[in-house]
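# My questions concern the predicted model and sequence given below.
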Amino acid sequence: MQINERILLIITAVVTAIAALFCLISLATPAWSSYSYDGYGGYGGSSGLYCSGCPTSSAALAIITFILLIAGMVILVLFALRVLPKSIRAISFIIIFLATIFSLASYASYYNSITGYSYKLMVVAHFLCYIASLLATFWLGGSYATTVVTPNNP
């Protein structure tokens, strides 16, 4: 069974949008720093990416990731609507793949042995970036393939 190109592009755009949503939530939530045990059965000391003394490289890389994910999603939707020419169809894969690299760099630059939930949300966004890039690659490979026509036997 062959998947319709438009459906595959829409699925890839939706996965990219979900990855962008997780990236945005990760940027907006304050639990990037590691939790410290307070001795009373609780945890505390969380801070976001924009606190004083926090690494700024991770925040910048996460913002670039978010921008690339939005750009990739828009390009995929434009391809699904057949607005963009097929000659530049590799650009969607390149943009989503760059987003995966920047998301990996974002949370790797903030790596800590004990992480908060925002860190884990960025990991989910990174995982969804890989899925979206794989789907885009599948679409790209399918759109370059040629169809073999066999003659009808009477």
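Looks like it came in fine.
# CA atoms for contacts and neighbours, from now on please.
Fine.
# all helices for the chain, in order.
5-28, 56-80, 90-109, 117-144 (DSSP state H).
# Could you export those helices to TSV, including columns for mean pLDDT and mean neighbour count?
Output for the helices of the chain, formatted as TSV (pLDDT from 0 to 100; neighbours: other Cα atoms under 10 Å):
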stretch	mean pLDDT	mean neighbour count
helix 5-28	91	21
helix 56-80	91	21
helix 90-109	84	21
helix 117-144	78	20
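# my guess is His126 contacts Ala105, does it?
No - shown here, His126 and Ala105 do not form a contact pair, counting by Cα atoms under 8 Å, at 9.9 Å.
# any idea how far Pro30 is from the most centrally placed residue in the chain?
In the chain, the centroid-proximal residue (Cα atoms, centre = their mean) is Cys129; its distance is 2.9 Å. From Cys129 over to Pro30 the distance is 22 Å, taken as Cα to Cα, to the nearest Å.
# same thing with Leu61?
Noted for Leu61: a distance of 17 Å to Pro30, by Cα to Cα.
# ok, now Leu84?
As for Leu84, its distance to Pro30 is 39 Å (criterion: Cα to Cα).
# quick one, what contacts the residue nearest to the centre of the chain?
15-16, 19, 96-97, 99-100 (Cα atoms under 8 Å, 6 or more residues apart in numbering).
# I'd like those residues laid out as a markdown table, including distance to Gln2.
Output for the contacts of Cys129, formatted as a markdown table (distance: Cα to Cα, whole Å):
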| residue | distance to Gln2 |
| --- | --- |
| Val15 | 20 |
| Thr16 | 22 |
| Ala19 | 26 |
| Ile96 | 24 |
| Phe97 | 25 |
| Ala99 | 28 |
| Thr100 | 27 |
